[in-house]
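J.: got a sequence here, can you model it:
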Amino acid sequence: MSKRKSRARKSSAFWGLPLLCALVAMAMILVSPQAWRSLSKVSNTTALPLIQRVFPPKNLVLTKRVNNPIPGNSENLASNSQLDAIAASLNYSGTSVQEIANQLALHAVTEADKARIIYSWITQHISYDVAMAVSGNIDDLSPPGVLQRRRTICSGYANLYQAIAQAMGLEAIIIEGYARGSSGLVGKDPQVNHAWNGVRIQGVWYLLDTTWGAGSINDQQFKAHFEPYYFATPPRQLIYSHFPKESQWQLFFPAYDRAQFDQLPDVTPRFFQDQLQLLSHPQQAIQANGQLDLFLQAPESTLITAQLKTRSGLAVENNYTFVQRVNSQVTVSVAFPNAGDYTLTIFSKNSEENTYRQAVTHEITANAASEPFPLTYGTFIENNAYLQMPLTQSLPIKQTSFFQLKIDQATKVIVLNQNSNEWTELNKNGNLFTGTVNIDPGKIMVLAQFPNSDKYWTLLEYQ
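T.: Alright, predicted model coming up:
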């Protein structure tokens, strides 16, 4: 009998905090495993320090009120990488709003192209001013002042977008409100802490945020990174992170109230880009007993993993998350080493990527402890296996345990005691394998054999 371990490799994760108005961080956690197929959880993640001193938007250009704005369909505004590239290469060094508007207008004819190229130019040429955000010493946030300094905070970004848009014949407004991200509120004003824009294209309105589209803050250093997602973001997606002071700028009806907004889970653009849906637990805060099951819908080409942390940010080791799927439905099972407060982050990626990215985060209060799950190996994930029982890492010694799992394409599944080298073959019924096994002391492994091979591949490991 031969077998191959393709053990889930643990890898470091890096926090990237999407840019905020000097107060909120929407973290984009990157995980770079050696091989995605064997990744069952993400560990050793370190949260970056947050900017602690912040302030509500100030010195905003006055915006006339728009009554009953009609929302546009964001799907009608296709991404335009050519305009984005032109904007990136256009190096204007002056301070005139009209001059930069004239230069951008040379490459944009339609209202949609004008709105896009302004967004692309600002986000790729104006840096976020971390020093201003940290100190609270507000410099000139007027459009000429922002063009002169080439860095600003959210109010300056919003002012500049509106000014250039108006110079190019577009109607644009500044939206004040409250924004939050995966790191929670980093400011003291619970009502107004951010500014973004609305722009009118062909008679209907779209939402955008040049601040969050410009880059990220890492160790209190700005890192430029163009994020097209925050141009013409669908209103029902933007509401997860942006709550406007005037409810009409949610651009959907019925509008959410603040209590509904506060209950929404913390999602990143990746959640929507990977077409995820929450089938259970649509709220941010979850009460749990010893174990919790969350259900998601995800395309079969989208891979999911999860990580549990203490509320202080320490990764919980030893297999306290367990991700399985049946077709497009994904189950994220969570156990807890102790009663207490935890953060659960779910990551996603498509099958061609090497990096998992943060998709959605929940805050969980566990009322009881429970045992960790068995360790999964790469073959378990690759072959769409689904374990029904036993779901605890430890098995009762000198007793029998009932095994039941589904695994596609397997011809034989055995349960092996690695110490004694004794094994029991499970009964096969299609892709379902079941059987009762006497548990003796030693490490218990579940292995599978597949067509045209005499090798056994490790699926699961119990202690």
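J.: quick one: buried residues of stretch 240-257?
T.: Tyr240, Ser241, His242, Phe243, Pro244, Ser247, Gln248, Trp249, Gln250, Leu251, Ala255, Tyr256 (16 or more other C-beta atoms under 10 Å). All C-beta spots, glycine's among them, are computed from the backbone N, C-alpha and C.
J.: just the ones of those residues in strands?
T.: His242, Phe243, Pro244 (DSSP state E).
J.: save these as JSON lines, and put in pLDDT and distance to Ser120 too.
T.: Supplementary listing: those in JSON lines, determined by pLDDT from 0 to 100; distance: C-beta to C-beta, whole Å:
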{"residue": "His242", "pLDDT": "95", "distance to Ser120": "20"}
{"residue": "Phe243", "pLDDT": "95", "distance to Ser120": "26"}
{"residue": "Pro244", "pLDDT": "95", "distance to Ser120": "23"}
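J.: ok, those residues vs Gln291, which is closest?
T.: Phe243 (33.0 Å; C-beta to C-beta).
J.: quick one on the thing from earlier: closest one to Arg325 out of the buried residues of stretch 240-257, please.
T.: Distances from Arg325 to these, taken by C-beta to C-beta, are shortest for Tyr240, at 23.6 Å.
J.: do I have it right that Gly72 meets Ala232?
T.: Yes. Using C-beta atoms under 8 Å, Gly72 makes contact with Ala232 at a distance of 7.5 Å.
J.: quick one: low-confidence ranges for the stretch 101-250 of the chain?
T.: For the stretch 101-250 of the chain, applying pLDDT under 70 flags the ranges 181-189.
J.: mind listing the helices in it by residue range?
T.: Per DSSP state H, counting those that start in this stretch, the stretch 101-250 of the chain carries helices over the ranges 111-125, 130-135, 143-149, 154-167, 210-214, 235-238.
J.: same check, this time on the stretch 351-463 of the chain
T.: Secondary structure of the stretch 351-463 of the chain by DSSP H, counting those that start in this stretch: the helices cover 378-382.
J.: which of the helices of the stretch 101-250 of the chain sits most buried?
T.: helix 210-214 (a mean of 28; mean count of other C-beta atoms under 10 Å).
J.: report all helices and strands that that helix contacts.
T.: Helices and strands touching helix 210-214, as assessed by 3 or more C-beta pairs under 8 Å, 6 or more residues apart in numbering; DSSP states H and E, comprise helix 111-125, strand 127-128, helix 154-167, strand 194-201.
J.: Ile397 contacts Ile444, correct?
T.: No. Using C-beta under 8 Å, Ile397 is not in contact with Ile444, being 10.2 Å away.
J.: so which of those two has more stuff around it?
T.: Neighbours per residue (other C-beta atoms under 10 Å) separate Ile397 from Ile444, with Ile444 holding more: 25 against 10.
J.: what bridges to the more buried one?
T.: Asn417, Tyr462 (DSSP bridges).
J.: surely it and Ser394 touch.
T.: No. With contacts counted by C-beta under 8 Å, Ile444 stays clear of Ser394, the gap being 9.5 Å.
J.: overlap in contacts, the two.
T.: Common neighbours of Ile444 and Ser394 (criterion: C-beta atoms under 8 Å, 6 or more residues apart in numbering): Tyr462, Gln463.
J.: Gly72 and Ala232: which is more packed in?
T.: A direct count of neighbours by other C-beta under 10 Å for Gly72 and Ala232 places Ala232 higher, at 26 against 22.
J.: give me the common contacts of Gly72 and Ala232.
T.: Tyr206.
J.: sorry, back to before: dump the helices and strands packed on helix 210-214 to JSON lines, plus distance to Thr305.
T.: Converted to JSON lines, those look like this (distance: least, C-beta to C-beta, whole Å):
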{"stretch": "helix 111-125", "distance to Thr305": "30"}
{"stretch": "strand 127-128", "distance to Thr305": "30"}
{"stretch": "helix 154-167", "distance to Thr305": "33"}
{"stretch": "strand 194-201", "distance to Thr305": "31"}
